[in-house]
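A.B. asks: Build the 3D model from these lines:
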Amino acid sequence: MADGNRQHVSQGFGQALDPFTLERARRSDMRAFEVIYGVYGKACYNLAMRILGEPAAAEDIVQDVFLKLMDTIGSYRGDAPFGAWLKRMAANATIDRLRLDRRQGVDDPDALFASMGAADPPADAMVDAWTLLQRLPARARAVIVLHQMEGYTHRELAELFGQTESYSKSVLSRALQRLHATLDEAPSQAGVGTPVIPHV
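C.D. replies: I've put the predicted structure just below:
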């Protein structure tokens with residue numbers, strides 16, 4: 001599941017931006033920014049939505065990212081594909097939003113999951129991956145989405161969160177354990193509707 005989802009989720013960011021549009025954007029051409037938004041806006045929204053779980057917050061992230069893009073596009077040197085550079089900006093903005101939310105400001109992985117209580121079985125046997133992810137703390141969702149679906153390394157996650165690599169590894173391990181525990185409690189008739197959660 002992880003490999004397939006990674007390809008699907010990152011497809012929008014994986015699109016190439018033609019050099020002519022990029023050059024026009026560097027000259028503050030608003031139509032060029034409209035083109036960039038058309039190519040990557042949905043991918044930015046999807047990434048923020050998967051982590052934050054709130055449409056309004058995800059829309060705010062997209063707006064923040066593209067406003068910042070207008071100011072910083074001159075710093076893009078082409079060392080990485082433009083989509084990857086923009087994805088990093090969107091991930092940073094989303095993690096910054098989590099840091100501002102005091103409810104999500106838990107730096108201890110044990111404390112992050114302590115308030116959740118026991119894993120409850122899904123009410124519907126035909127549960128999907130998004131439903132399961134919504135049961136996790138936002139920071140845990142961020143680690144799973146960025147590591148399992150977007151291919152971020154633990155070193156990159158450590159930089160994003162301002163933590164050590166062991167922090168993201170610990171959160172990932174606990175999150176996957178929680179997802180597996182939830183699935184184990186699900187009705188046996190779940191069958192093909194039950195998503196496959198990767199092991200660490």
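A.B. asks: Residue 80: what secondary structure?
C.D. replies: Residue 80 carries the three-state label coil when classified by DSSP: H, G, I helix; E, B strand; the rest coil.
A.B. asks: Check the gap between it and residue 86 for me.
C.D. replies: Taking CB to CB, to the nearest Å as the measure, residue 80 falls 10 Å from residue 86. In this view, the C-beta of every residue, glycine as well, is placed from N, C-alpha and C.
A.B. asks: what about these two, which has more around it?
C.D. replies: Using other CB atoms under 10 Å as the criterion, residue 80 and residue 86 rank with residue 86 on top: 24 against 12.
A.B. asks: Show me what counts as buried in the helix ranked longest in the chain.
C.D. replies: If each helix of the chain is counted by residues according to DSSP state H, the longest one is helix 30-52. Using 16 or more other CB atoms under 10 Å as the test for burial, helix 30-52 gives 32-33, 35-36, 39-41, 43-52.
A.B. asks: now do stretch 131-140
C.D. replies: 132-133, 135-140.
A.B. asks: ok, now which ones touch residue 15?
C.D. replies: With contact taken as CB atoms under 8 Å, 6 or more residues apart in numbering, residue 15 is in contact with 39-40, 83.
A.B. asks: Domain parsing of this structure, as residue ranges.
C.D. replies: Split into domains by automatic domain parsing, the chain comes to 2-100, 106-193.
A.B. asks: Check those for me: which has the lowest mean pLDDT.
C.D. replies: Least confidently modelled of these is domain 106-193, at a mean of 74 by mean pLDDT.
A.B. asks: Nearest spatial neighbour of residue 76, chain-adjacent residues omitted?
C.D. replies: residue 85 (5.6 Å; CB to CB, 6 or more residues apart in numbering).
A.B. asks: State the distance from the one you found to residue 183.
C.D. replies: 36 Å.
A.B. asks: re earlier: for the strand or helix carrying the residue nearest to residue 76, which positions count as buried?
C.D. replies: Taking DSSP states H and E as the definition, one finds residue 85 inside helix 82-100. For helix 82-100, burial by neighbour count (16+ other CB under 10 Å) applies to 82-83, 85-91, 93-95, 97-98.
A.B. asks: Now flag whichever of the residues you listed is closest to residue 151.
C.D. replies: Distance to residue 151 across the buried residues of helix 82-100 (CB to CB) is lowest for residue 87, with 10.0 Å.
A.B. asks: Which residue is the nearest non-sequential neighbour of residue 42?
C.D. replies: Per CB to CB, 6+ apart, closest to residue 42 is residue 12, 5.6 Å.
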